[in-house]
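J.: missing the sequence, but the structure's below:
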């Protein structure tokens with residue numbers, strides 16, 4: 001417990017998740033640490049997207065750290081999406097995460113792109 005009026009320092013690697021619709025899919029962007037404490041939230045968002053989308057783009061450019069829980073989340077999502085005929089594209093993977101993907105042998109099994117030229121968001125065109 002912290003004394004009253006004690007300000008906590010900002011936590012480096014704080015996790016956030018955001019998403020935006022594409023004409024034919026969705027982009028899910030993760031930022032911060034993807035680990036035991038945060039992977040469940042990311043997995044829930046991926047599962048929601050899987051229920052209605054054939055293309056899921058997982059943008060990792062803001063990920064500062066990923067542990068084995070995060071790796072398992074990506075592998076499981078890719079497997080689920082492939083089983084139903086969809087595609088998971090993992091994009092803008094930071095060097096430290098890409099190295100981890102290579103070390104555990106999944107880099108060759110995932111669809112990984114250095115960049116993502118996203119489709120315009122769905123909706124009426126002006």
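T.: Right, received. Where do you want to start? Predicted model only: the values in this text are computed from it and were never measured. Numbering: from 1, shown residues only.
J.: so what's residue 57 bridging to?
T.: Beta bridges link residue 57 to residue 27, residue 89, judged by DSSP bridges.
J.: that one contacts residue 27, doesn't it?
T.: Yes. Taking contacts as C-beta atoms under 8 Å, residue 57 lies within contact range of residue 27: 4.4 Å. The way it works is simple: take the backbone N, C-alpha and C, and place the C-beta from them, glycine included.
J.: quick one: which of those two has more around it?
T.: residue 57 (25 against 21; other C-beta atoms under 10 Å).
J.: pLDDT score assigned to the more buried one?
T.: With respect to pLDDT, residue 57 has a value of 97.
J.: list the contacts for it?
T.: 22, 25-28, 88-89, 91, 116, 118 (C-beta atoms under 8 Å, 6 or more residues apart in numbering).
J.: same check, this time on residue 35
T.: Contacts of residue 35 (C-beta under 8 Å, 6+ apart): 65-67, 69-70.
J.: among these, name the buried ones.
T.: Buried subset of the contacts of residue 35 (neighbour count, 16 or more other C-beta atoms under 10 Å): 65-66, 69-70.
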